[in-house]
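A.B. asks: Pasted the sequence and its predicted model underneath.
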Amino acid sequence: MATESHGMGGLDPQATPGSRGAGEHDRPFEGQHHARGYEGPLDAPLRGKQMVVNLGPSHPAMHGVTRAVVALEGETIVEMKLDIGFLHRGFEKSCENLTWGQAFPYTDRLNYVSAILNNVGYALAVEKLCKIDVPLRSKYLRVVTGELHRICDHLTLVAAMGLELGAMTVFLYGVEARDLLYDRLTEICGARLTSNYVRVGGVSRDAPEGWTEKTLQTLARVAELRETIDKLLTRNRIFMDRTKGTGVISREDALDFGFTGPCLRATGEPYDVRKAAPYLVYDRIDFDIPVGSKGDNYDRFLMRMEELRQSERIVKQCFQQMEPGDIVIEDFRFVLPPKPLVYGTIEGVMAHFKLIMEGIKVPPGEAYSYTEAANGELGFYVVSDGGGRPYKLGLRAPGWPMLAAIPHMTKGALLSDLVPTYDSINMIGGEVEQ
Amino acid sequence: MASDLEVAPAIATRREEATGFFQRMVSKGLGWARKNSLWQYPFVTACCGMEYMSVSSARYDIARFGAEVPRFSPRQADLLLVVGTVNCKQAPILKRVYEQMSEPKWVIAFGVCASSGGFYDNYATVQGIDHVIPVDVYVPGCPPRPEQVLDGLMLLQRKIANQQHKLIDRGALPVLGGDHKGRP
Amino acid sequence: MSKAVIEALAARFPGDVYEPYEGVGGDDAIFVRKSEIARVCKFLKTEPAMAFHMAPYITAVDYLGLEPRFEIVYNLLSTTQNHRVRLRVKVSESDLEVPTVTGVWRGADWFERYCLDMYGIRFKGHPDPRRLLMYDEFVGHPLRKDYPLRGRQPLVPERDIQDIYRGPGPDGRD
C-alpha cells in the first residue's frame, strides 16, 4: 500500500514513535524467544521436546469449527495439520433433491455473512444455462444489495480481527455498523442475514418507498464508524506489530494454492472478476481495486478497509444510475406470473402450477459461472439433465484454498501469529465445508 | 384443563417434595442469583453465530440479562449455548463438552438447526441436539432475530427461577446413557 | 474466449485430448484421456502463452447409468492472460485411479481429497490420501447417486427424546 512509499530511507513519518517503522533499531532482547535467534551453539538453551497441541473444533479463535493440530517447539510452530468437516451439511447432495428455486436458501447459508453474493452467483449460473438475461433494474438491485452484504462481510472481518487481537471496542463498532445495514436489508429482503432475495430471472422484491434515501443515510453513518475503526486500528502499534510480517505468502505461492479475491490482491496480483470479466452492471460503474504488495496480514486487513470505501462508492453510483422498471423477466417458464394473471387466465394458472410443483426446467448441459464474492472467486459448476432438479451443483468456495494454505503460511511462525492469520483470510465455515 | 377432573384434590402434598420455609427461601435466592449471572459457553458453529455476535453486542445487549461473559472453558460455564448446525462429526465433541460442564448447567438450542436439524435432513446432520444432550430451551429461527434469542433467554430465566436449588446437593448426577466413548 | 488454448492443446497432444466443444455462455472445454492429465496440466501451467498458474477448481460428477460412470472436471483460470478452460476426464467405475496434479499445483491437494471422500476416486501419487470432510469411521461415499440422502451413520448413540412440555403453566409459553 502507499503507506510504505512515503518518507525517506524506509522511515515512515506517520509511524508511532518508538516503533520499528519510525527507525528504531531492534531491541536487544528481541528474537531470543525464537529457537533460531541465537549466536552460537554455546548460547542456545537445552532443546526441549516437541509439543503437540490440539486447537480443537470448539475454540474461540477457530472461527466456527476447524481443528488444528499444531506441533510446537517452544512457541514456534514447526508443523500444522488441519482437520475440517465439522460443519459439513451436505449442501451438494441436498440440492440434488430440490428444485432449482428451492436451492436459494441453501446457497444463502454458504457464506452466511454475505448471503446475497452467493444467491447472485447461483442465479447467474442457472441463468447462464437457461440463456436468459434479467432486466436492468434487477441487475442494479442485485449489485446494490450484494455490495451492502459485501460491506457487512468486510465489517465482520475487521471486527473479528480487532476482537481476537484484543480490541473489543472495534468489535462493538463493527457489529453496530453491521446492524444498521441489516435494518436496511430487512426492509428490502425480509431477513437480516439469510436473505433469499434473488430468483432465477430477477429479484424477488422491489425496494420500498424511500429506501434509497434511508440507505444513503445509513451508509453515511457506517462511514463514520468505519473511519473510527480505521483510526483505532490502522496505525495502532500493537495491531501493526502483530499483523505486519506475519502470515506472509508470496505471489507465486498464492497462485499455486489457488488464492483469489482480496487475499490474492494483497500479494500483488491485480485480478478481480468484476474487472476482468464484468457481469451484471459492473462495467458501467467506476470503481478502483486496491492491490497490496507484501501478502501479510496487515495488507489483507488494509485490502478490506479499502474495499469498504469502494463498495460504498459502487452503491452510490448505482443509486444514481438506477431507473424504475421490471424486476423479473416476463417469461413464465422461469418466473411466477403476477397474481391477477394467476387468478384470471388459464395460462397463468398453468404456469404457476407447473413452476410450483415441478420447478424450473433448465435445458440439459453444464456451466461454470464465477462471480467476485467478498472473499474471492465464488464458482458454481452446474450440471442439468433437463429436469426440474440440479443433477450436480458444485461449489468452488473462495475460502477453501486460503484455508488449505494456512499450514504453509504459518510454518516457523509463533503460535500467536496463527490468530491474525486465521482472521485475515476470512475463512467462513459454511462455504468451505459446504 | 380437562385433566384436572381426573386428578385427586389439590390439597395432597407429597412428602419428599415438601420444602420448608428456609429451603424455599434459599432455593429462591439461589435461583435468582443463578438466573441473573449465566456464564455462557458459546458453542458456535454456523450462521447463527452472526446473530450471536449481534446479541452480545451493544445494540441487542445480552449483558443486561447478566449473560455477557463468554467463558471458553466448559468447567467455568453454566449455560451451553449451542449455536448453529451440529453434524455427525461434531456430535461427540458436543457431548464431551456437555459432560465436562459441572452442575448446575442448562442448554439453549439456538437456531432451528440445533433444535431439530433445520432443513438439512441429510447424511451429515444430527436432527436436533436433543438427540445428543438434554436441552432446556429451544429457540427456533433461521437465524433467530436477536430479540427472539433474548426471549428464549428470559424463558430460561423463568425456568431456572422455578427449579429447586439447594446449597449442597447430594442427589445423583444424571446419566446421559452410554460411556464417554459412545458405547451404550 | 479461449479457442487458442484448445487449439494449442489439440496440436500438442493429438491422441490424448478429444472432442473440444464450446459450452453455453462461451465456455471452452475439452476431454482429456485419464492417463495424460498430469502432463496436460503441466503444459498448461508452464507454457507462457497459456499461463494457467492458478490452481484449478476440481470436482467430480457421478453419471449413474452411463459408462464411464464418473467424470472429473478441472476448471482452470489464468489471471495474467485472463482466459479459462475446462478439462473433463472420464473415469470408469472399474478403474478409479487417476494421476494426481498436486505436482503441478499445490492447491489441488484438498480438491482431490474431496473427490476421494465424496466419490471414491483415488489419485495416484497424492501426498496425503485421506478423507477430508467426513469422519474416518464413515462407510461409503456420500455424493454418489446410489448413496441415500438420509443415510446417517451416527458417531454418538442417539437418545430418544421424551415429548417436551408445551402446555400452560409457569414454564410454558401461554
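C.D. replies: Alright, I've got the coordinates.

A.B. asks: how about the residue most central in space within chain B, phi and psi?
C.D. replies: Closest to where the C-alpha atoms of chain B average out (C-alpha atoms, centre = their mean) is B:Val107, at 2.0 Å. The phi/psi pair for B:Val107 (degrees, to the nearest 10) reads phi -130, psi 130.

A.B. asks: per-residue confidence for A:Ser5?
C.D. replies: Looking at A:Ser5, its pLDDT stands at 41.

A.B. asks: Equivalent analysis for A:Leu82, please.
C.D. replies: Reading off the model, A:Leu82 has pLDDT 88.

A.B. asks: Is it correct that it is in contact with A:Thr66?
C.D. replies: Yes - between A:Leu82 and A:Thr66 there is a contact under C-beta atoms under 8 Å: 6.2 Å. Yep, even glycine has a C-beta here, placed from its N, CA and C like the rest.

A.B. asks: Pick out whichever of those two has more residues nearby.
C.D. replies: Taking other C-beta atoms under 10 Å in any protein chain shown, A:Leu82 and A:Thr66 do not tie; A:Thr66 has more neighbours (24 against 16).

A.B. asks: on that earlier part again, who's in contact with the residue nearest to the centre of chain B?
C.D. replies: B:Leu79, B:Leu80, B:Val82, B:Tyr98, B:Ile129, B:Ile133, B:Pro134, B:Val135, B:Asp136, B:Val137 (C-beta atoms under 8 Å, 6 or more residues apart in numbering or on different chains).

A.B. asks: Please determine how far it is located from chain A.
C.D. replies: In this view, B:Val107 and chain A are 14 Å apart by C-beta to the nearest C-beta, to the nearest Å.

A.B. asks: picking up where we left off before, can you list residues touching both of A:Leu82 and A:Thr66?
C.D. replies: The contact sets of A:Leu82 and A:Thr66 overlap at A:Leu403 (C-beta under 8 Å, 6+ apart).

A.B. asks: so where's the stretch 151-300 of chain A shaky on pLDDT?
C.D. replies: Residue ranges of the stretch 151-300 of chain A with pLDDT under 70: none are present.

A.B. asks: need the contact list for the residue of it found nearest chain B.
C.D. replies: Nearest residue of the stretch 151-300 of chain A to chain B, counting by C-beta to the nearest C-beta: A:Val175, 4.0 Å away. Counting by C-beta under 8 Å, 6+ apart, A:Val175 makes contact with A:Leu155, A:Thr156, A:Ala159, B:Met53, B:Ser54, B:Ser57, B:Ala58, B:Arg59.

A.B. asks: Let's see that with 6 Å instead.
C.D. replies: Counting by C-beta atoms under 6 Å, 6 or more residues apart in numbering or on different chains, A:Val175 makes contact with A:Ala159, B:Met53, B:Ser57.

A.B. asks: same thing with B:Val97?
C.D. replies: B:Val97 makes contacts with A:Ser58, B:Pro74, as judged by C-beta under 6 Å, 6+ apart.

A.B. asks: Assign a three-state SS to it, would you?
C.D. replies: Three-state call for B:Val97 (DSSP: H, G, I helix; E, B strand; the rest coil): helix.

A.B. asks: Check the gap between it and A:Gly429 for me.
C.D. replies: Note on B:Val97: its distance to A:Gly429, by C-beta to C-beta, to the nearest Å, is 17 Å.

A.B. asks: Alright, calling it a day.
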